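*Asks:* what's the 3D shape of this:
(one chain, ligands or ions: 1)
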Amino acid sequence: MSYPTVTAAALTAPLTFAGIVEQLRDTFRAFPDCRKPGNNTRYTLEDAGLSAFSVFFMQCASFLEYQRRMVENQERSNAQTLFGVHAIPCDNQIRHLLDSVPPAAVAPAYRYLFNGLQQNGYLDTWRVHDYGYLLALDGTQHFSSSHIHCEQCLTKTHHNGTVTYSHQVLTPVLTAPDKPQVIPLPPEFISRQDGQTKQDCEINAAKRWLAQWGADYIPLGITFLGDDLYCHQPFCQAVLDAGAQFIFNCKPTSHTTSNSHFTTHCSISSA
Ligand SMILES: [Zn+2]
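*Replies:* Residues are numbered from 1 along each chain as shown. The predicted structure follows:
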């Protein structure tokens, strides 16, 4: 049986490492450039993006420093030959270039990877009978400080009056029972939205994700997985209205009414 793809468009690059780098290069090339005319433009957005990608790909924080020394000594580096970086920016230059780029600008890379995996048949074995694809929703914190903060920070005021600032993100992934890997889908950052005065939260981010990406993935057949946080009527209804199913954890302590009905039903059934 065949299933619809996220988009009918042909892959912009073959699903190989070189193809992935090529697609990333195209994605980074389209990033908005925050620099004013006349500023130092020695480094391109492509170089900044590919340099950042190389550090995460190699899982080595000092990878770029080592590559710079290779260029000095050998006039070539793995950053150039493997990742196609023309000039290697320093960490601060990468931050300066990438910090102002909206997260949505990375979306084409997620689409390409998902389409590539699906069109090449890699996702066929990820489908779980009756449930389709299992899409796990969960949030994670990727920055926390009691000193450094910005306008998008989430804040938590403690009893002693001190404040902790943090950044969190919702990271939806496809998962399957017998697969050690997960397939990341576009993230949704948990941060105060334009015009909002209240803090953002994970469930609001999930609602935004559903509104923005649901139509792309749900036609494939999706069952959402989530912890107790998601197990509330409005979000469950939103998932059903979007045409998906859900399996959410439902703790008895936070769902006393549902638990009471369930306990009563089970007692009657087993009587
Ligand atoms: Zn911040």
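
*Asks:* once you drop chain neighbours, what's closest to the closest residue to the ion within the stretch 151-271 of the chain?
*Replies:* Of all residues in the stretch 151-271 of the chain, residue 153 sits closest to the ion, with a separation of 3.3 Å (CB to the ion). For the C-beta atoms, the positions are set from N, CA and C on the backbone; glycine is no exception. Once flanking residues are discounted, residue 153 sits nearest to residue 165: 4.1 Å by CB to CB, 6 or more residues apart in numbering.

*Asks:* just say helix, strand or coil for that neighbour.
*Replies:* Following DSSP: H, G, I helix; E, B strand; the rest coil, residue 165 is assigned to strand.

*Asks:* again, but for the one 3 residues further on
*Replies:* Reducing the assignment to helix, strand or coil with three-state DSSP, the entry for residue 168 is strand.

*Asks:* what's the closest non-adjacent residue to it?
*Replies:* Nearest non-adjacent residue to residue 168, counting by CB to CB, 6+ apart: residue 190, 4.2 Å away.

*Asks:* ok, the one you found touching residue 203?
*Replies:* No: with contact defined as CB atoms under 8 Å, residue 190 does not reach residue 203; the gap is 9.6 Å.

*Asks:* so between those two, which is more surrounded?
*Replies:* Taking other CB atoms under 10 Å, residue 190 and residue 203 do not tie; residue 190 has more neighbours (24 against 18).

*Asks:* separation between the spatially most central residue of the chain and residue 216?
*Replies:* Centrality entry for the chain: nearest residue to the mean C-alpha point is residue 187, 2.7 Å, by CA atoms, centre = their mean. Taking CB to CB, to the nearest Å as the measure, residue 187 falls 14 Å from residue 216.

*Asks:* show me the contact partners of whatever helix or strand residue 70 lives in.
*Replies:* Element membership for residue 70 (DSSP states H and E) is helix 63-74. Applying CB atoms under 8 Å, 6 or more residues apart in numbering, the set of residues contacting helix 63-74 from outside is 51, 54-55, 60, 76-80, 85, 88, 90-91.

*Asks:* any buried residues in that helix, and which?
*Replies:* For helix 63-74, a neighbour-count test (16 or more other CB atoms under 10 Å) marks 63-64, 67, 70 as buried.

*Asks:* please tell me how far the nearest residue to residue 93 once chain neighbours are set aside sits from residue 264.
*Replies:* Among residues not flanking residue 93 along the chain, residue 43 sits closest, at 5.8 Å (CB to CB, 6+ apart). Applying CB to CB, the value for residue 43 to residue 264 is 66 Å.

*Asks:* of these two, who's got more company?
*Replies:* Just comparing residue 43 and residue 264: by other CB under 10 Å the higher neighbour count belongs to residue 43, 20 against 10.

*Asks:* so the more buried one touches residue 95, yeah?
*Replies:* No: counting by CB under 8 Å, residue 43 stays clear of residue 95, with 11.9 Å between them.

*Asks:* tilt between the helix or strand encompassing residue 97 and helix 63-74?
*Replies:* Using DSSP H and E, residue 97 sits in helix 91-98. Per axes from the mean of the first three to the mean of the last three CA atoms, to 10 degrees, the angle that helix 91-98 makes with helix 63-74 is 120 degrees.

*Asks:* thinking again about what came up before, my read is that the residue of the stretch 151-271 of the chain closest to the ion contacts residue 164, right?
*Replies:* No: the criterion here is CB under 8 Å, and residue 153 misses it with residue 164 at 9.3 Å.

*Asks:* neighbour-wise, which of those two wins?
*Replies:* Neighbour count, other CB under 10 Å: between residue 153 and residue 164, residue 153 has more, with 20 against 14.

*Asks:* so for that one, what pLDDT did the model give?
*Replies:* Looking at residue 153, its pLDDT reads 90.

*Asks:* also residue 123?
*Replies:* Taking residue 123 on its own, its pLDDT is 92.

*Asks:* excluding chain neighbours, what is closest to residue 239?
*Replies:* Nearest in space to residue 239, with sequence neighbours left out and distances taken as CB to CB, 6+ apart, is residue 246 at 4.8 Å.

*Asks:* mind checking the SS state of the one you found?
*Replies:* What three-state DSSP gives for residue 246 is strand.
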